[in-house]
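A.B. asks: Sequence and predicted model, in that order:
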Amino acid sequence: ATPTALMVGTGRGAQLGILIKGPEVLESTRRVDTVVLDKTGTVTTGRMEMQDVYAAGAAEGTDEKQLLRLAGALEHASEHPVARAVAAGAAERLGTAVGRLPTPQGFENVPGLGVRGTVEGHAVLAGRERLLAEAGVTDLDTLTPLREKAEAAGCTAVLVAWDGVARGVLTVADAVKETSPRAVRELRALGLTPVLLTGDNRAVADAVAQAVGITPDAVYAEVLPQDKVDVVARLRAEGRVVAMVGDGVNDAAALATAELGLAMGTGTDVAIEASDLTLARGDLRVAADAIRLSRKTLATIK
Ligand code: ADP
Ligand code: MG
């Protein structure tokens, strides 16, 4: 491969909004046959909004205001798209500014599961059912039907407990990016198999997959952040040449493990650093452009 032709490919990439780490990246891009797509922030906008608030009746002393105040305050300490939606939605419903919610003590982020911390003297948990179950929260079964109802509607359920008792469910949802269905069609037209990978629940993952045209057998849901890399490694072990597209801190290891890592330019610095290519506009169609470009560039060289 002549360095000049590769440099030309790199320059053309910049025009298309593809930032390439080095010309040699184009070589691996050409051989890719499988594209693993992170859901939140990659296929979807990642701009989640709070939908519904359910205070569980069984737990005494739970009212909607307290549920919103404690969960909103705790989530305000997290950067996660789900957390931002909870904090903003809670503040709005309480008629206050997000910054005026109380500051939690001993805040802890539990990757892929949720958050914990103390708010106004209450030990609060917010996140997936598993987070609350592992903490031994009581009355958790009162929240299960609420979670199931939310998930059936395509929402992500945030289960909330404080002082060891399950208290309620807040639901959030975001939208599929307008350009994502077309991007998936373009990737398929290039002969690539699209795969969806997410820490979110199965029902939401399936709904998003269906909306963009990814088949149910190519959906990996409820995958913990540290296990995303295993999915990529397993696909590679099957002999596939894998590109991974992601945006989050959670995606960094998987991006680095894939033959080719593509970061959304709208994503976190950690994801961008772990990647070979950055898609400047956060538009998934640019991933197809990148593969098309590398094939063309390398065909010219041969
Ligand atoms: P994704 O793979 O879709 O980018 P993550 O792995 O970051 O998502 O998170 C997986 C799931 O963990 C979320 O869908 C949500 O249910 C839960 N979760 C993660 N962080 C939080 C949080 N701060 N508050 C509530 N739930 C959370
Ligand atoms: Mg993401």
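C.D. replies: The structure has been received and is ready for your questions. Numbers count the residues shown, from 1 in each chain. Ligands and ions are numbered 1, 2, ... in the order given.
A.B. asks: Can the longest strand along the chain be said to contact ligand 1?
C.D. replies: Secondary structure of the chain per DSSP state E: the longest strand is strand 165-173. No - no part of strand 165-173 sits close enough to ligand 1 to count as contact by CB under 6 Å from any ligand atom; the gap is at least 8.3 Å. Glycine gets a C-beta too; all of them are placed from N, C-alpha and C.
A.B. asks: That strand - what's its average pLDDT?
C.D. replies: In this model, strand 165-173 carries a mean pLDDT of 96.
A.B. asks: what's it packed up against?
C.D. replies: strand 49-55, helix 64-75, helix 81-94, helix 144-152, strand 156-162 (3 or more CB pairs under 8 Å, 6 or more residues apart in numbering; DSSP states H and E).
A.B. asks: Give me the residues contacting the fourth one.
C.D. replies: Read that as helix 144-152. Residues from elsewhere that reach helix 144-152, judged by CB atoms under 8 Å, 6 or more residues apart in numbering: 51-52, 54, 56, 129, 156-157, 159, 168-169, 171, 201-204.
A.B. asks: again, only this time at 10 Å
C.D. replies: Surrounding helix 144-152, the residues in contact under the criterion CB atoms under 10 Å, 6 or more residues apart in numbering are 51-52, 54-56, 128-129, 140, 155-159, 166, 168-173, 200-204, 207.
A.B. asks: Could you pull up the contacting residues of the residue nearest to L284 when sequence neighbours are not counted?
C.D. replies: Nearest-residue entry for L284: A183, 3.6 Å, with adjacent residues in sequence omitted and distances by CB to CB, 6 or more residues apart in numbering. Residues in contact with A183 (CB under 10 Å, 6+ apart) are 35, 37, 42-43, 177, 194, 212-213, 245, 283-289.
A.B. asks: Now whichever strand or helix holds A183: buried residues?
C.D. replies: The secondary structure element spanning A183 is helix 180-189 (assigned by DSSP states H and E). By neighbour count with 16 or more other CB atoms under 10 Å, helix 180-189 contains the buried residues 180-184, 186-187.
A.B. asks: Counting neighbours, what do you get for A211?
C.D. replies: Applying other CB atoms under 10 Å, we find 16 residues neighbouring A211.
A.B. asks: On the strand side of things, show who the closest residue to it other than its chain neighbours bridges to.
C.D. replies: The spatial neighbour of A211 that comes closest, neighbours along the chain excluded (CB to CB, 6+ apart), is V176 at 4.9 Å. Residues in a beta bridge with V176, per DSSP bridges, are T44.
A.B. asks: got the contact list for V176?
C.D. replies: 39, 43-45, 207-208, 210-212.
A.B. asks: Output these as JSON lines; include the columns pLDDT and distance to A150.
C.D. replies: Conversion of the contacts of V176 to JSON lines gives the following (pLDDT from 0 to 100; distance: CB to CB, whole Å):
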{"residue": "K39", "pLDDT": "95", "distance to A150": "17"}
{"residue": "V43", "pLDDT": "96", "distance to A150": "20"}
{"residue": "T44", "pLDDT": "95", "distance to A150": "16"}
{"residue": "T45", "pLDDT": "92", "distance to A150": "19"}
{"residue": "A207", "pLDDT": "92", "distance to A150": "12"}
{"residue": "V208", "pLDDT": "95", "distance to A150": "15"}
{"residue": "Q210", "pLDDT": "94", "distance to A150": "18"}
{"residue": "A211", "pLDDT": "94", "distance to A150": "18"}
{"residue": "V212", "pLDDT": "97", "distance to A150": "21"}
